[in-house]
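K.L.:
Let me see the structure of the following:
(chains A and B)
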Amino acid sequence: SQQGEEDPQALSIQEGENATMNCSYKTSINNLQWYRQNSGRGLVHLILIRSNEREKHSGRLRVTLDTSKKSSSLLITASRAADTASYFCATLNTGTASKLTFGTGTRLQVTL
Amino acid sequence: DTAVSQTPKYLVTQMGNDKSIKCEQNLGHDTMYWYKQDSKKFLKIMFSYNNKELIINETVPNRFSPKSPDKAHLNLHINSLELGDSAVYFCASSKTRTDTQYFGPGTRLTVL
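P.N.:
Residues are numbered from 1 along each chain as shown, chains lettered A, B, ... in the order given. Here you go, the predicted model:
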């Protein structure tokens, strides 16, 4: 079965609000990565967080990782209409280097 | 100066035909990948090459054959196309097997 499960499947917020997406996984990981995909486009890498890290920031993005709970969250602060996209978490498992396993994705809609 | 490029962007063909998708990266990366994204947006790895050597081959029908003529190129040839092959195919590359993966824009394959 797929490694990552994301929650919620869809999220609709207004511009300026914060958006939080969660990802759960099942096995030990080397790192966890978050990607964004705009409709009909390719994936854009957002953040990579290693298994020994707990939190990373990049601009308006904040990612946390709790390896004891096998979960991660992506927080987008002060959202903009341009943030509308699907967001995927992907885990690089230990022992299977280079095999990224993607979650089901969260569809984020930011309205004006 | 596109990092990972794929051609063609769209491919419409009849069942039973043979087709190829080309991928090139100018990032100097050692590892390249092919992913398939189905109609439900689920992304799954198909193949991975490291320095022209096949390192991942996920239960993909042998109608699919990747070829890596050099480190910068990874092509995907598909024989005897079937309706179920319709999907978006993404090429990606990474510096090493555990680094961030950078994705191409995708090739939307439609089999009629």
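
K.L.:
Quick check: the closest residue to B:Gly16 other than its chain neighbours vs A:Ile13, distance?
P.N.:
Among residues not flanking B:Gly16 along the chain, B:Ser80 sits closest, at 5.8 Å (CB to CB, 6 or more residues apart in numbering or on different chains). C-beta coordinates here come from the backbone N, C-alpha and C atoms, glycine included. The gap separating B:Ser80 from A:Ile13 is 46 Å, by CB to CB, to the nearest Å.

K.L.:
same check, this time on A:Thr64
P.N.:
19 Å.

K.L.:
Also B:Ile45?
P.N.:
With CB to CB as the criterion, B:Ile45 and A:Ile13 are 31 Å apart.

K.L.:
out of the two, which sits in the busier spot?
P.N.:
B:Ile45 (22 against 17; other CB atoms under 10 Å in any protein chain shown).

K.L.:
Which of the three states applies to A:Ala82?
P.N.:
Secondary structure for A:Ala82, judged by DSSP: H, G, I helix; E, B strand; the rest coil, is helix.

K.L.:
Grab the nearest non-local neighbour of it.
P.N.:
Closest to A:Ala82 by CB to CB, 6+ apart is A:Val110, at 7.8 Å.

K.L.:
Check the offset of the helix or strand harbouring that neighbour from the chain's centre.
P.N.:
Assigned by DSSP states H and E, A:Val110 belongs to strand A:106-111. Averaging C-alpha positions (CA atoms, centre = their mean, to the nearest Å) puts strand A:106-111 13 Å from its chain's average.

K.L.:
Is the residue nearest the centre of chain B in a helix, a strand, or coil?
P.N.:
The residue lying closest to the centre of chain B (CA atoms, centre = their mean) is B:Trp34, at 3.3 Å. At B:Trp34 the chain is in strand, as set by three-state DSSP.

K.L.:
Now do B:Phe90 against chain A, distance only.
P.N.:
The gap separating B:Phe90 from chain A is 6 Å, by CB to the nearest CB, to the nearest Å.

K.L.:
B:Glu82 now?
P.N.:
With distances taken as CB to the nearest CB, B:Glu82 is found 23 Å from chain A.

K.L.:
pLDDT wise, what is the residue of chain B at minimum distance from chain A at?
P.N.:
Using CB to the nearest CB, the closest approach of chain B to chain A is made by B:Arg97 at 3.6 Å. pLDDT for B:Arg97: 85.

K.L.:
Could you look up the SS state of it?
P.N.:
For B:Arg97, the assignment made with three-state DSSP gives coil.

K.L.:
got the residues of chain A near chain B?
P.N.:
Contact residues (CB under 8 Å from any CB of the partner chain) of chain A with chain B: A:2, A:30-31, A:33, A:35, A:37, A:41-45, A:48, A:86, A:88, A:90, A:92, A:97-102, A:104-105.
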